[in-house]
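In: Give me a model of this one.
(2 chains)
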Amino acid sequence: MNEAVFTSLTVSAIAICVIFLVLTILIYTIKILVHFIPYEAPPPKPQPAPRTAPKTAPAATSDADEDIAVITSVMASHLGGSPGNLQVVNIQSR
Amino acid sequence: MELTFSGAAIQILQSTGFSAIVPGQAIMLVVACVLLYLAIWKKFEPLLLLPIGFGCLMANLPMSMMMSTDDGGLLNFFYQGVKHEVLPPLIFLGVGALTDFGPLLANPTTLLLGAAAQIGVYTTLVGAVFLGFNLQEASAIGIIGGADGPTSIFIASKLAPHLLAPIAVAAYSYMSLVPLIQPPIMRWLTTDKERKIKMAQLKPISQTVKIIFPIVVTIICCLMLPGVTPLLGMLMLGNLFRESGVTARLHETAETHLINIVTILLALAVGSSMTAESFLKLETIKIIVLGLLAFCMATASGVLFGKLMSKLSGGKVNPLIGSAGVSAVPMAARVSQKVGAEEDHTNFLLMHAMGPNVAGVIGSAVAAGVFLSLFGDPTAPGPETHAAIETIVQSMVQR
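Out: So this is what the prediction gives:
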């Protein structure tokens, strides 16, 4: 038994040395690789061109607000519903 | 053929498994149900313990021909994949495809933590020899400390096939218990101050380095330890699928469908080897105890080496990441993160712990290679041909 335990201790010592040796070689291999092939940030992607605004009349103007109010009330009375249930999202000028 | 009613009834009764079941099989059915319970309701590595448990269940049903030793039985065919060392390397292929070696490449000294955790393997080896196992058996038991199921199965099938079942069950059971086993050891071996150490952010790594790394590791490690080539070579091939960027389909298959299919085959094959004759022995209890010792020692040695690195680096390394040197990926790294966050919730150790975690995979494969170099006989003829294959070969020769 003692001899077997002694053998296992010897095996363990050798094996641990081999593992550390192999992994140390890998450490230095990685360091060499990283040294000679450094990280380079990828070139920035070209920004997409800003979209051109649609050729619509600005809805924020006071005239447009009046138009929206009129259209909404007429549509609501025509449909027999409440103006609150309708929303005009775009007015296109000719 | 004349058949009376009573005669037919007796014949049917005698053809059922109930008439043939022996106490050992009944006990193994209970063991199978315990494994299924742990997998389904306790969520202990369900992807593995569930098919292992069900394989064990089927193998212990009398007259079912589902034992790994039943020539011509279904699970005997699956078992050929273990016996001929086909399935564990295929699992490694999938693991490689899933693994990002980036954190390891960014901080390569963490490879030493993966090496340090293997000290648990060798402590257990000595313990196993002390308990009466021979060196081959002790090696197969010790590798449980590597927390790497496929490696454990690979080594057990090569060096101690008669102990495959208890070794596989112990390895996967303890892997699932990593979140319970590791934290008390980590807290016991470290101070509050050490657990609060914040590590510097990892540097990014060139994609070219990530591609070259698996090729270089295969060349270096497999030249030094040829026995490890099936495991390490497939691990690195899987990783090359991932990093090369030109094999998207192979990478996707390896990390999903292939690894899932192989897991089913491997786990069922291991389950089918869990027969009363192979499992209900005093050795099984010894292996379970030694497996726990292996995990504890691996965790402790990883943390202690982490403390050493912390001292040598002037407090730049948090020793908690040392426990991730056991290769249960990514569970061990998550445990490091969790224990670190308990002390300081702004401390994020996960990515730092992934370095030693994947180093543990390489470390346990290297440890397996050392065992094979010492105890495996590369000139030995392979396992005998399966009876069915032999029949096919003979019929082809006759033609």
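In: Surely residue B:168 and residue B:152 touch.
Out: Yes. Using Cβ atoms under 8 Å, residue B:168 is in contact with residue B:152, at 6.3 Å. No exception for glycine: its C-beta is placed from N, CA and C like everyone else's.
In: which residues in chain A form helices?
Out: A:2-36, A:62-79 (DSSP state H).
In: Of those helices, which is nearest chain B?
Out: With Cβ to the nearest Cβ as the criterion, chain B lies closest to helix A:2-36 of the helices of chain A, at 3.5 Å.
In: Quick one: name the residues of chain A near chain B.
Out: Contact residues (Cβ under 8 Å from any Cβ of the partner chain) of chain A with chain B: A:1, A:4-5, A:7-9, A:11-12, A:14-16, A:18-20, A:22-27, A:29-31, A:33-34, A:37-41.
In: so which helix or strand takes in residue B:352?
Out: helix B:350-375 (DSSP states H and E).
In: Tell me the spacing between residue B:201 and residue B:308.
Out: Between residue B:201 and residue B:308 the distance is 23 Å, computed by Cβ to Cβ, to the nearest Å.
In: Between the two, which has more neighbouring residues?
Out: residue B:308 (16 against 10; other Cβ atoms under 10 Å in any protein chain shown).
In: Show me how chain A divides into domains.
Out: Annotated domains of chain A cover A:1-40, A:62-94 [automatic domain parsing].
In: about what we covered before: among the helices of chain A, show me which one is buried the most.
Out: Sort the helices of chain A by mean neighbour count, taking mean count of other Cβ atoms under 10 Å in any protein chain shown, and helix A:2-36 sits at the top with a mean of 16.
In: how far is it from where the chain is centred?
Out: Relative to the centre of its chain, helix A:2-36 is centred 42 Å away, using Cα atoms, centre = their mean, to the nearest Å.
In: And that helix, what does it pack against?
Out: Contact here means 3 or more Cβ pairs under 8 Å, 6 or more residues apart in numbering or on different chains; DSSP states H and E; on that basis helix A:2-36 packs against helix B:102-106, helix B:111-116, helix B:119-130, helix B:135-142, helix B:207-224, helix B:350-375.
In: Run the angle between the longest one and helix A:2-36 for me.
Out: It refers to helix B:350-375. Here the directions of helix B:350-375 and helix A:2-36 differ by 130 degrees (axes from the mean of the first three to the mean of the last three Cα atoms, to 10 degrees).
In: Quick check: closest non-adjacent residue to residue B:96.
Out: residue B:238 (2.6 Å; Cβ to Cβ, 6 or more residues apart in numbering or on different chains).
In: Send me stretch B:199-210 as CSV with only the CA atoms.
Out: Once non-C-alpha atoms are left out, stretch B:199-210 reads as follows in CSV (Å, rounded to 0.1, in the frame of the first residue of the first chain):
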residue,chain,number,x,y,z
MET,B,199,-10.1,43.7,-11.9
ALA,B,200,-9.2,45.9,-14.9
GLN,B,201,-11.3,45.7,-17.9
LEU,B,202,-10.1,43.1,-20.5
LYS,B,203,-8.5,44.3,-23.7
PRO,B,204,-10.1,43.4,-27.0
ILE,B,205,-8.4,40.6,-29.0
SER,B,206,-7.8,40.5,-32.7
GLN,B,207,-10.0,38.1,-34.6
THR,B,208,-6.9,36.7,-36.3
VAL,B,209,-5.5,35.7,-32.9
LYS,B,210,-8.8,34.0,-32.1
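In: Let me know how buried the residue nearest to residue B:96 is, in neighbour terms.
Out: By other Cβ under 10 Å, neighbour count at residue B:238 equals 28.
In: Out of the domains of chain A, the one nearest residue B:114 is which?
Out: Closest to residue B:114 of these is domain A:1-40 (Cβ to Cβ; 6.7 Å).
In: in chain B, what spans have low per-residue confidence?
Out: Scanning chain B for pLDDT under 70 picks out the ranges B:1, B:377-399.
In: Where does it get nearest to chain A, which residue?
Out: For chain B, Cβ to the nearest Cβ, closest residue to chain A: residue B:122, 3.5 Å.
In: ok, that residue - contacts?
Out: Taking Cβ atoms under 8 Å, 6 or more residues apart in numbering or on different chains, we find residue B:122 in contact with A:11, A:12, A:15, A:16, B:142.
In: and of those residues, the nearest to residue B:12?
Out: residue B:142 (49.9 Å).
In: Could I get the contacting residues of that closest one?
Out: If a contact means Cβ under 8 Å, 6+ apart, then residue B:142 has B:121, B:122, B:123, B:124, B:125, B:128, B:290, B:294 as its contacts.
In: Next one: the fourth one from residue B:347, what distance?
Out: Applying Cβ to Cβ, one obtains 32 Å for the distance of residue B:124 from residue B:347.
In: The two: who's more crowded?
Out: Neighbour count, other Cβ under 10 Å: between residue B:124 and residue B:347, residue B:124 has more, with 30 against 19.
In: The more buried one contacts residue B:293, correct?
Out: Yes. The criterion here is Cβ under 8 Å, and residue B:124 meets it with residue B:293 at 5.5 Å.
In: which residues do those two both contact?
Out: Jointly contacting residue B:124 and residue B:293 under the rule Cβ under 8 Å, 6+ apart are residue B:145.
In: what about the closest residue to residue B:318 other than its chain neighbours, neighbour count?
Out: With sequence-adjacent residues excluded and distances taken as Cβ to Cβ, 6+ apart, residue B:318 is closest to residue B:197, at 4.1 Å. Around residue B:197 there are 22 other residues, counting by other Cβ under 10 Å.
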